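Enquirer: Below: sequence and its predicted model.
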Amino acid sequence: MTTLFTKIINREIPADIVYEDDDVLAFNDINPQAPVHILIIPKKPIATLNDLTEEDLALVGRLHLTAANIAKQQGFAEEGYRVLMNCNEHGGQTVYHIHLHLMGGRQFTWPAG
Ligand code: 5GP
């Protein structure tokens, strides 16, 4: 099943893209929950974390490395940031193409908010 993220990858829907390589795309979230809120997605459409396989391990590592690199480039790596992935209904997932949320520029609390 294709999602709107496939349409963003294929440039059928516009997005504010901040990083792209052969395997990964990163763009600003349309409804930011922090001063910086970037979605980092694999170009390979994997629906949920539950659908991950051994062959995807390097790709998921690359998503995280991309998050850290963007945080460094944008200057908030040392202050800190939050990276998370939602899974299915209870996790709050709404787009079924795995993505990291990279959020920075404010203090986060744990476990809520
Ligand atoms: P999820 O809830 O699946 O973890 O995250 C999906 C995210 O995609 C949400 O934070 C939502 O704001 C974002 N989103 C939904 N539609 C669009 C869109 O068309 N463009 C962009 N840039 N982000 C979107």
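Expert: Arrived safely. Numbers count the residues shown, from 1 in each chain.

Enquirer: contacting residues for Met35?
Expert: Just so we're on the same page, residue 35 is Pro rather than Met. Listed by CB atoms under 8 Å, 6 or more residues apart in numbering, the contact set of Pro35 reads 104-106. Every residue, glycine included, has its C-beta placed from N, CA and C.

Enquirer: what's the burial count for the residue lying closest to Asp29 once chain neighbours are set aside?
Expert: Nearest non-adjacent residue to Asp29, counting by CB to CB, 6 or more residues apart in numbering: His37, 4.2 Å away. Counted with other CB atoms under 10 Å, residues neighbouring His37 total 17.

Enquirer: Double-check that His37 belongs to a strand.
Expert: Yes. Checked against DSSP: H, G, I helix; E, B strand; the rest coil, His37 lies within a strand.

Enquirer: mind listing what it touches?
Expert: Contacts of His37 by CB under 8 Å, 6+ apart are 28-29, 101-103.

Enquirer: and which of those residues is nearest the ligand?
Expert: Checking those against the ligand by CB to the nearest ligand atom gives Asp29 as the nearest, at 4.6 Å.

Enquirer: Now for the closest one, how many residues are close by?
Expert: Around Asp29 there are 17 residues (other CB under 10 Å).

Enquirer: what do you get for Ala15?
Expert: Using other CB under 10 Å: Ala15 sits among 18 other residues.

Enquirer: May I have the residues that are in contact with the residue nearest to Cys87 when sequence neighbours are not counted?
Expert: In this structure, Cys87 finds its nearest non-sequential neighbour in Leu49, 4.5 Å apart by CB to CB, 6+ apart. By CB under 8 Å, 6+ apart, Leu49 lies in contact with 85, 87, 98.
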